[in-house]
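Enquirer: Pasting a predicted model and its sequence here:
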Amino acid sequence: MTHMHVAGSIHADATSAAPVWLIKPADANALVDGLWSGTATRAADGELHVGGLAASEIIAQCGSPVYVVDELDFRGRAAAWREAFDGWKVYYAGKSFLCAEVARWIAAEGLNLDVCSAGELAVALRAGLDPARIGLHGNNKSDELLRVALSHGVGRIIVDSSDEITRLERLTAELGVRAQVLIRVTTGVEAHTHEYIATAHEDQKFGFSISGGQALVAMVRCYGSPRIDLMGIHSHIGSQIFDTNGFEVATRRTLRLLSQFSEATGTPLPELDLGGGFGIAYTSDDSPATAHDLARGLDDIITHECRAFGIERPLLSIEPGRAISGPPGTALYTVGTTKVVELGGGHSRRYVSVDGGMSDNIRPALYAAEYSALLANRVSGAAPVLSRVVGLHCEGGDILVRDVFLPGDVRPGDVLAVPASGAYSRSMASNYNHTPRPGVVSVRDGRIATLIRRETLDDLLALDAGLD
Ligand SMILES: Cc1ncc(COP(=O)(O)O)c(C=O)c1O
């Protein structure tokens, strides 16, 4: 869960500087249930092991910091979503984390792939993915991007504006091809974490408004366009969603739109895509639903709403990203310094600085996302103390884990592991402070494979036109 009112929750509990949701663990060495990737264990040697490898061994082989992807867990989650949503098309949202090997895993597990930029599309095509299994998103797709997508026969393009329809009409004629499209609609539902707002006005950059009528106009235009095959509509309501309330309202509004289209043209549209945003556990405070429970919940809603509108059940699709790529990822960091800061009222906080930070995980700084951390290279008998894990960047907001209880003897050279780091960490990483981005490795049965190699200072300096 993203705790938006951090100061409020900290001060809500006068007996501790910790936020109210954070429980002091009886044993700070224990792995919290549901937070870690499938093969993560505290092994007999005292270390955190993932994919059969000790944290310190992974760092010795791959350097620090490093993102570690538990291959069996990643593929297992992909398969679980496909199985739970039997009869639906499942598109993995590549924006959460994409590289060639992940594209191949996704295809091997029977999923499709969602991309939203020229770079993501290039990775998918170069990885050998069948273009028919790719969906292309984006609110500002260039001529060049659309040309690549159309000439490769990308399975569907999710259209976001009238300008894009004009562009598609011109490019399909120029290339002598057809375009399969879904219209991205805004339902007025905005869902984040446990809450949703069903009456939100549609003040955002994505999609065509249903309530304003633009969605139906765009659909009718595409329907009448000689080289566009209108397949259906697409709605994405938010991120880190834990229940089906927001989807229920969005489904009602999108199905109503489908029935209006059918009445207006006499032709039913075959597809409805409900987007992604399914929540995962970042801390002990989060308890996400399983793919199976979500599938059952969404299925019931669709059956009910289709009956109410008297329409056929459309072909359905979803686009989970973090729910597949988040939990299998663990970020490993090495501790560089520690210091204790007095907070007043007899409280203190231990700052633990690691060799990464906001350049490899911007989410805490960007939207106050919460994470957890664990001492990974050894067990400790020291009492847990309230700690804040911070990075090495020149920025006070360079926080990786705002509040966590770590053993009081965490020291330079120790390894910290941050679970649920597989989504929107590497994919949103930057080179802030000229910091090379960490590598991404996969681990499985005691073997390590490089997914994305670590950047070097030479990589960065090579871009500087003022240097030889
Ligand atoms: C259109 C669309 N689909 C799917 C996703 C994936 O979301 P998540 O990774 O939260 O499942 C996003 C995320 O922003 C999105 O914008």
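Expert: Happy to help now that I have it.

Enquirer: separation between Lys95 and Arg322?
Expert: Distance, Lys95 to Arg322, using Cβ to Cβ, to the nearest Å: 10 Å. Heads up, the C-betas are built off the backbone N, CA and C, glycines and all.

Enquirer: Now do the helices in the stretch 51-200 of the chain.
Expert: 55-62, 71-84, 100-108, 118-126, 143-152, 162-175 (DSSP state H, counting those that start in this stretch).

Enquirer: chain center to the fifth one, what's the gap?
Expert: Looking back up the chat, that one is helix 143-152. 25 Å (Cα atoms, centre = their mean, to the nearest Å).

Enquirer: returning to what we had before: of the helices of the stretch 51-200 of the chain, give the one that comes closest to Asp273.
Expert: helix 71-84 (14.5 Å; Cβ to Cβ).

Enquirer: Now do the shared contacts for Lys95 and Arg322.
Expert: Residues touching both Lys95 and Arg322 comprise Tyr424, with contact defined as Cβ atoms under 8 Å, 6 or more residues apart in numbering.

Enquirer: Would you mind listing what in this structure touches the ligand?
Expert: 93, 96, 114, 137, 236, 239, 275-278, 319-323, 423 (Cβ under 6 Å from any ligand atom).

Enquirer: Figure out which of the helices of the stretch 51-200 of the chain is closest to Ser372.
Expert: helix 55-62 (15.1 Å).

Enquirer: Test for you: state the pLDDT assigned to the residue in the stretch 1-150 of the chain that the ligand sits nearest to.
Expert: In the stretch 1-150 of the chain, the residue that lies nearest the ligand is Ala93 (3.5 Å; Cβ to the nearest ligand atom). Note for Ala93: predicted pLDDT of 98.

Enquirer: OK, contacts around the residue lying closest to Ile106 once chain neighbours are set aside?
Expert: Among residues not flanking Ile106 along the chain, Tyr92 sits closest, at 4.7 Å (Cβ to Cβ, 6 or more residues apart in numbering). Tyr92 makes contacts with Ala78, Ile106, Leu111, Asn112, Leu113, Asp114, Glu319, Pro320, Gly321, Ile324, Ser325, as judged by Cβ under 8 Å, 6+ apart.

Enquirer: Look up how far Ala79 lies from Tyr92.
Expert: 11 Å.

Enquirer: repeat for Pro268
Expert: Counting by Cβ to Cβ - Pro268 and Ala79 are separated by 32 Å.

Enquirer: Neighbour count: the two, which is higher?
Expert: Remark: of Pro268 and Ala79, Ala79 carries more neighbours, 17 against 14, as counted by other Cβ atoms under 10 Å.

Enquirer: which residues does that one contact?
Expert: Glu109, Gly110.

Enquirer: likewise Ala382?
Expert: Pro407, Gly408, Asp409.

Enquirer: Which ChimeraX command selects the buried ones in the residues you listed?
Expert: Filtering these down to the buried ones (16 or more other Cβ atoms under 10 Å) takes a single ChimeraX command:
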select :407,408
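
Enquirer: Tell me, how many residues neighbour the residue in the chain that the ligand sits nearest to?
Expert: As assessed by Cβ to the nearest ligand atom, the ligand sits closest to Gly321 within the chain, at 2.5 Å. For Gly321, the count of nearby residues is 26 (other Cβ under 10 Å).

Enquirer: Can you list the low-confidence ranges for the chain?
Expert: 1-16, 194, 199-201 (pLDDT under 70).

Enquirer: What is the longest strand of it by residue count?
Expert: As assigned by DSSP state E, the longest strand anywhere in the chain is strand 329-344.

Enquirer: Could you figure out how far that one is turned away from helix 55-62?
Expert: 120 degrees (axes from the mean of the first three to the mean of the last three Cα atoms, to 10 degrees).

Enquirer: Return the distance of strand 329-344 from the chain's centre.
Expert: 25 Å.

Enquirer: Adjacent strands (with direction) for that strand?
Expert: If you go by DSSP bridges, strand 329-344 pairs up with strand 66-70 (antiparallel), strand 347-354 (antiparallel), strand 415-418 (antiparallel).

Enquirer: can you redo the ones you listed as a markdown table with mean neighbour count and distance to Leu22?
Expert: A markdown table is the format used below for those (neighbours: other Cβ atoms under 10 Å; distance: least, Cβ to Cβ, whole Å):
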| stretch | mean neighbour count | distance to Leu22 |
| --- | --- | --- |
| strand 66-70 | 27 | 25 |
| strand 347-354 | 19 | 12 |
| strand 415-418 | 26 | 15 |
